[in-house]
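kindly return the folded structure for what I paste below:
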Amino acid sequence: MLPENLKSARRMKKGNRFEDFQIGRIFEHHWGRTVRASESILFSTLTLNFNPTYFNKCYAEALGHQECPVNPCFVFTLVQGLSVEDLSEPGGAFLGIDDLEYGASVYPEDTITARSTVKALRASNSNPGTGIVTWHTEGFNQRGERVISFMRTNQVLRAEVAA
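Numbering: from 1, shown residues only. Predicted coordinates for the structure are as follows:
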């Protein structure tokens with residue numbers, strides 16, 4: 001027997017389907033995220049990235065940084081993660097990243113936001129229930145400086161399959 005509060009629950013559509021994308025459509029991904037120093041250090045430790053630039057202030061300053069920058073691999077996963085709800089949440093195979101470029105360094109207490117633009121669409125040759133979508137995703141700090149840019153391609157479910 002379902003609890004009373006679940007009896008009226010309805011399934012909500014999550015994310016967008018292949019038919020929702022048009023070339024040139026821009027997604028300003030909501031939320032954004034303020035990065036803490038502890039997150040960057042923990043990320044570096046957990047991924048066995050022992051480059052002292054990301055956890056040794058004296059070393060980072062000797063390289064010209066005002067403090068330890070945030071690990072750029074963390075910046076990549078953060079920005080890609082901010083885009084998931086709008087672009088690929090319903091599921092489908094992740095097909096890769098191309099043309100990854102880093103811009104301004106990210107430092108602790110920077111707030112990162114993301115924007116994606118649809119660049120390419122095509123039907124999947126191997127799976128008729130999906131299409132292939134490529135987006136150009138960019139991440140920005142609170143000053144509007146671009147911190148990362150990349151092309152991302154995913155298989156995306158078609159509306160009739162996801163229903």
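
surely residue 140 and residue 110 touch.
No - counting by C-beta atoms under 8 Å, residue 140 does not reach residue 110; the two are 9.8 Å apart. Any C-beta I mention is one placed from the backbone N, CA and C, and that applies to glycine too.

now do the shared contacts for these two.
Residues touching both residue 140 and residue 110 (C-beta atoms under 8 Å, 6 or more residues apart in numbering): residue 147.

and residue 52, backbone torsions?
Backbone torsions of residue 52, given as degrees, to the nearest 10, read phi -60, psi -10.

got a list of what it touches?
With contact taken as C-beta under 8 Å, 6+ apart, residue 52 is in contact with 59, 60.

buried sites along the longest helix along the chain?
Secondary structure of the chain per DSSP state H: the longest helix is helix 72-87. Within helix 72-87, the residues that count as buried by 16 or more other C-beta atoms under 10 Å are 72, 74, 75, 76, 78, 79, 80, 82, 83, 86, 87.

which element is the closest residue to residue 97 other than its chain neighbours on?
What sits nearest to residue 97 in space, not counting adjacent residues and going by C-beta to C-beta, 6 or more residues apart in numbering, is residue 150, at 5.2 Å. Assessed by DSSP states H and E, residue 150 sits inside strand 146-157.
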